[in-house]
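1. sequence first, then the predicted structure:
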Amino acid sequence: GNSVTQMEGPVTLSEEAFLTINCTYTATGYPSLFWYVQYPGEGLQLLLKATKADDKGSNKGFEATYRKETTSFHLEKGSVQVSDSAVYFCALRGYSGGGADGLTFGKGTHLIIQP
Amino acid sequence: NAGVTQTPKFRVLKTGQSMTLLCAQDMNHEYMYWYRQDPGMGLRLIHYSVGEGTTAKGEVPDGYNVSRLKKQNFLLGLESAAPSQTSVYFCASSTSGTGEDTFGSGTRLTVV
């Protein structure tokens, strides 16, 4: 079956530091890949996505590249801000004979940015 | 511009009680999903629907039932609540299943 593995948290960084959150996946076929962000007490919001190999998703200074050869979708940001503090989820969507499946999520990485 | 609305937002149940969680979307999405979120577990798919009148099991369906009588609504039922069902429940919807999901704000359920 499908699975997503992402680095455990919490990850604590200083403001303006470089961020990398690793994500690797296992899936059959050609899944779509996503990063979602969850702020305290809220639902999940889509941060970025990529639907095929070598695609780069980007949004709000975050980016991730769909690497099929390494089955990875690492999240990066050049200079983090305190407002980036949240829980980040890597996820994939596979496609079975009945159409699109539900999302398969990693366990989440809690990011804490200190001023 | 409501998106996905979940009711109720909070609920405390006693073991053995039943309840229904309601999810409503106003985006005319075909696909709808119910997930549960537990600490250290990420989100796991309970049931989903690919259109009005259809439902299918996800990763953790036991103890739950669902119905999709109208395209815009997706109901999640607990017939006999157990403490193991204490969780935060999220509903989501998407168009044609190929795009990203839009999530509701969640229902925090405690079973005592």
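-> Yep, it's here. The structure presented is a predicted model; accordingly, all values stated were derived computationally and were not measured.
2. state the pLDDT value of A:Ser96.
-> On pLDDT, A:Ser96 comes in at 67.
3. return the residues of chain A in contact with chain B.
-> A:4, A:32, A:34, A:36, A:42-46, A:49, A:51, A:89, A:93, A:95, A:98-108 (Cβ under 8 Å from any Cβ of the partner chain). Quick note: C-beta positions are derived from backbone N, CA and C, even for glycine.
4. so how do I select the buried members of these in ChimeraX?
-> Entered in ChimeraX, the line below selects the buried ones among the residues of chain A next to chain B, by 16 or more other Cβ atoms under 10 Å in any protein chain shown:
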select /A:4,32,34,36,43,44,46,49,51,89,93,95,100,101,102,103,104,105,106,107,108
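5. residue ranges of the helices in chain A, please?
-> With DSSP state H as the definition, chain A shows no helices.
6. longest strand anywhere in it?
-> Using DSSP state E, we find that the single longest strand of chain A is strand A:86-96.
7. tell me which other helices or strands that strand touches.
-> strand A:3-6, strand A:23-26, strand A:32-38, strand A:99-105, strand A:109-114 (3 or more Cβ pairs under 8 Å, 6 or more residues apart in numbering or on different chains; DSSP states H and E).
8. hmm, who's touching the second one?
-> What that stands for is strand A:23-26. With contact meaning Cβ atoms under 8 Å, 6 or more residues apart in numbering or on different chains, strand A:23-26 is reached by A:2-7, A:31, A:33, A:35, A:64, A:70-75, A:90, A:92, A:106.
9. mind saving the C-alpha coords of that strand as PDB?
-> The C-alpha trace of strand A:23-26 is given here as PDB (Å, rounded to 0.1, in the frame of the first residue of the first chain):
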ATOM      1  CA  CYS A  23       9.600  13.500   3.000                       C
ATOM      2  CA  THR A  24       9.800  10.200   1.200                       C
ATOM      3  CA  TYR A  25       7.000   8.000  -0.100                       C
ATOM      4  CA  THR A  26       6.100   4.500  -1.300                       C
END
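10. ok, B:Phe103 - contacts?
-> A:36, A:43-45, B:4, B:90-92.
11. what distance do you get for it to B:Ala56?
-> 19 Å (Cβ to Cβ, to the nearest Å).
12. next one: A:Ser85
-> From A:Ser85 to B:Ala56 the distance is 36 Å (Cβ to Cβ).
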